[in-house]
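Enquirer: Could you work out the structure for the sequence below:
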Amino acid sequence: MKILKTFYFQELKSCRIIDLLFNGGSPGCLGESRFLSTSNLEIAQNVSGTLEKAILKSQWTSLERISRVMTMDLIADTMVKLRSRPHKILGFVKHLESDLVFHLDLRCLCIAIHIIAGLENPQPALQLLQRIVNGGFGPNTLIFDALMKAKEVCETKNTLVFNLLIKACCHLQKSDEAVQIFYLMKGHKLSPSIESCNFLLSTLSKQNKTETAWVIYAEIFRLKIPSSIVTFNIMINILCKEGKLNKAKEFLSYMEGLGFKPTVVTYNTVLNGYCNKGKVQIALEIFDTMKNRGVSPDSFTYASLISGLCKEGRLEESAQFLAKMEESGLVPTVVAYNAMIDGFCNNGRLEMAFKYRNEMIKRGIEPTICTYNPLIHGLFMAGKNKEVDDMIKEMVSRNVGPDVFTYNILINGYCKEGNASKAFELHAEMLHKGIEPTKVTYTSLIYGLCKQNKMEEADRLFKEVMTKGISPDVVLYNALIDGHCAIGNVDDAFMLLKEMDDKKLFPDEITYNTLMRGLCIVGKADEARGLIDKMKERGIKPDYISYNTLISGYSRKGEMNNAFKIRDEMLSTGFNPTILTYNALIKGLCKAREGGQAEELLKEMVSRGLMPDDGTYISMIEGLSEKVEKSKL
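Expert: As a prediction, this is how the structure comes out:
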């Protein structure tokens, strides 16, 4: 039998009275046994009385006198005896748990939980259950059985403790264990409450275990546990997560048919689902429906619509909704402002983005990292690098630390402007801060190295990425292929294409366009032309860049017949020539001493509404210059 203070164990075993108390054995001769038996009973009664009195009066110092003879049996029996005094049992358990030597066993903890669960606030019982689940007491089946035995001993009628056990597992993100408890309850004909079921469904939803959630929902239906509005809201949210928006709308009608009136949360779930899928028009219809049915939109409703409209570039409408939000008596949230800032930054309207940034600060709404990231990205796109530095300083002054997205934006920005050394400084800084670089981080760094023709370093970093367990994607391969093609390493570029195929990573039109450009650079326009067929075989549709690349390749070689054949093929597939198409053809014609045809092409270009740019005139000058150089030879 387990003794609480283990360091007294050897001393206890040598004590005859305690031997009798614990084991019921005989210490020696019959006469001595009778004498000790009587004495022993009195001692046992005294110990039990002292323990009971200590618990009822919270006199914990008196426990020191009986600490040598307190067993788990004695504690369990005393707690059962005092089960009508849950506050006192809670105090007792807290005292024992604060003592580093005392540790209740599973049986005593389960008894204590059943008693403490009788309090108005179930939190202490929930915390003890969490300790059991996390405390290495064994599998869930063992814990469940111990709670069942404690239920019988304490003569508990309700299933509160088992429902709290489901909740405890969910709090600890142990949804599989929570599901197991659900089925154990079902097997013992203990009906889970809808509240614990909702908690389980919500946890499964958050962990994207939607299939399991539907199985549990079906079990809830079979067990005839009445659903609540919360249940329907969770299941509608799961449908939205699965992208089944039409079914979510149907489910909304289904719950109405059962007599449940959708709340603002219900409507927000569906509305937000449509916004996230870029179907803002349907979300606006839902917005009108909820208002017509007397459900007032809240801050989340407006923030979802504003975000959805901004993503579609409908910035003026999003601004109108921000105004409507204020008219409704709702203060615009940081989420709404961040959506506006992100929308205007993505459309290159930095002035408006900063206007909303200033407005939110004026209202006392503190900017977050989601405020600063789009502003930094927008400034980089506009080439305003000094303002980027100012923005970083402002972040620091407001105690807003950069996250992985901030670093990715900065690294990508510096790599694109050719400042790879600064990008690598930031990479080192994020590692120092414990921020793990992502695939996006390494793609930008490899791109930066490739732009500087540092292909050995780029290849080395690429291998390092794979050793970190990061699987390269098409974008990362394309960056490396582009680097090799730019310096004429076409063979290495095609080796990377083979590597992609080996990894079942399907190339896209950018991959092939890059390879075509590489072949054209080394004068292999015919091989580049063959890639068009390879693209079509793979189901990749050539785009105008594909055709322009070939036209440029043939024009550079002076093979104008082939260049015009590609132009005609381009027209037949529905692509109109771009200014790049004409520039390449004009340059080739000038180089081939076909000035008259070049002039005709220039007129055709203007008739199509394409005005000559600097590139056009440079093409003509370069073509003529090459012609003059050749004539000198």
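
Enquirer: burial count for residue 321?
Expert: A count of nearby residues for residue 321, using other Cβ atoms under 10 Å, gives 25. All C-beta spots, glycine's among them, are computed from the backbone N, C-alpha and C.

Enquirer: Go ahead and confirm it touches residue 309.
Expert: Yes. The pair residue 321 / residue 309 is scored as a contact, 6.7 Å apart, by Cβ atoms under 8 Å.

Enquirer: Just list the residues touching the nearest residue to residue 382 once chain neighbours are set aside, thanks.
Expert: Nearest in space to residue 382, with sequence neighbours left out and distances taken as Cβ to Cβ, 6 or more residues apart in numbering, is residue 350 at 6.0 Å. Listed by Cβ atoms under 8 Å, 6 or more residues apart in numbering, the contact set of residue 350 reads 344, 375, 378, 379, 382, 384.

Enquirer: same thing with residue 408?
Expert: Contacts of residue 408 (Cβ under 8 Å, 6+ apart): 438, 440, 441, 444.

Enquirer: I'd guess it is in a strand, am I close?
Expert: No. Going by DSSP: H, G, I helix; E, B strand; the rest coil, the assignment for residue 408 is helix, not a strand.

Enquirer: hmm, back to that, give me the buried subset of the contacts of residue 408.
Expert: 440, 441, 444 (16 or more other Cβ atoms under 10 Å).

Enquirer: Who are the contact partners of the first one?
Expert: Residue 440 sits next to 408, 412 when contact means Cβ under 8 Å, 6+ apart.

Enquirer: what's the spacing between it and residue 412?
Expert: Between residue 440 and residue 412 the computed distance is 8 Å (Cβ to Cβ, to the nearest Å).

Enquirer: which residues are in contact with both of those two?
Expert: If you check residue 440 and residue 412 against Cβ under 8 Å, 6+ apart, no residue is contacted by both.

Enquirer: What's the mean pLDDT across stretch 586-605?
Expert: Averaged over stretch 586-605, pLDDT sits at 83.

Enquirer: Endpoint to endpoint, it covers what distance?
Expert: Stretch 586-605 stretches 10 Å from its first residue to its last (Cα to Cα, to the nearest Å).

Enquirer: May I see the buried residues of that stretch?
Expert: For stretch 586-605, burial by neighbour count (16+ other Cβ under 10 Å) applies to 586-592, 594, 597-598, 601-602, 605.

Enquirer: With stretch 174-181 instead?
Expert: For stretch 174-181, burial by neighbour count (16+ other Cβ under 10 Å) applies to 174, 175, 177, 178, 179, 180, 181.

Enquirer: Now do residue 184, the pLDDT please.
Expert: Turning to residue 184, the model gives it a pLDDT of 96.

Enquirer: for residue 499, what are its contacts?
Expert: Listed by Cβ under 8 Å, 6+ apart, the contact partners of residue 499 are residue 477.

Enquirer: Can you tell me the SS state at it?
Expert: Three-state assignment for residue 499 (three-state DSSP): helix.

Enquirer: With secondary structure and distance to residue 245 added, can I get the buried residues of stretch 174-181 in CSV?
Expert: Output for these, formatted as CSV (DSSP: H, G, I helix; E, B strand; the rest coil; distance: Cβ to Cβ, whole Å):
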residue, secondary structure, distance to residue 245
174, coil, 31
175, helix, 25
177, helix, 32
178, helix, 28
179, helix, 27
180, helix, 32
181, helix, 33
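
Enquirer: Please pull out the lowest mean pLDDT helix or strand from this structure.
Expert: Between all helices and strands in the chain, the lowest mean by mean pLDDT, DSSP states H and E belongs to helix 9-13, at a mean of 35.

Enquirer: Sort out which residues of stretch 499-507 are buried, please.
Expert: By neighbour count on 16+ other Cβ under 10 Å, the buried set for stretch 499-507 is 500, 505, 507.

Enquirer: Let me see the confidence value for the last one.
Expert: Same thing as residue 507. Listed pLDDT for residue 507 reads 94.

Enquirer: please renumber so the chain begins at 7
Expert: With the count now opening at 7, the last piece we talked about shows up as residue 513.

Enquirer: close enough to count as contact, it and residue 503?
Expert: Yes. Judged on Cβ under 8 Å, residue 513 makes contact with residue 503 at a distance of 6.3 Å.

Enquirer: continuing past whichever strand or helix holds residue 70, what's the next helix or strand?
Expert: Per DSSP states H and E, residue 70 falls inside helix 69-72. Once the chain leaves helix 69-72, the next helix or strand it forms, by DSSP H and E, is helix 78-87.

Enquirer: which residues of the stretch 157-306 of the chain fall in helices?
Expert: 166-177, 181-193, 200-212, 216-228, 235-247, 251-263, 270-282, 286-298, 305-317 (DSSP state H, counting those that start in this stretch).

Enquirer: Of all those helices, which one is nearest residue 156?
Expert: Residue 156 lies closest, by Cβ to Cβ, to one member of these: helix 166-177, at 8.1 Å.

Enquirer: The closest one packs against which elements?
Expert: Here helix 166-177 touches helix 112-122, helix 129-140, helix 146-160, helix 181-193, helix 200-212, going by 3 or more Cβ pairs under 8 Å, 6 or more residues apart in numbering; DSSP states H and E.

Enquirer: Average pLDDT for that helix, rounded please.
Expert: Here helix 166-177 scores 96 as its mean pLDDT.

Enquirer: before we move on, back to that, can I have the buried ones of the contacts of residue 356 as a PyMOL selection?
Expert: Filtering the contacts of residue 356 down to the buried ones (16+ other Cβ under 10 Å) takes a single PyMOL command:
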select buried, resi 350+381+384+385
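
Enquirer: Great, nothing more from me.
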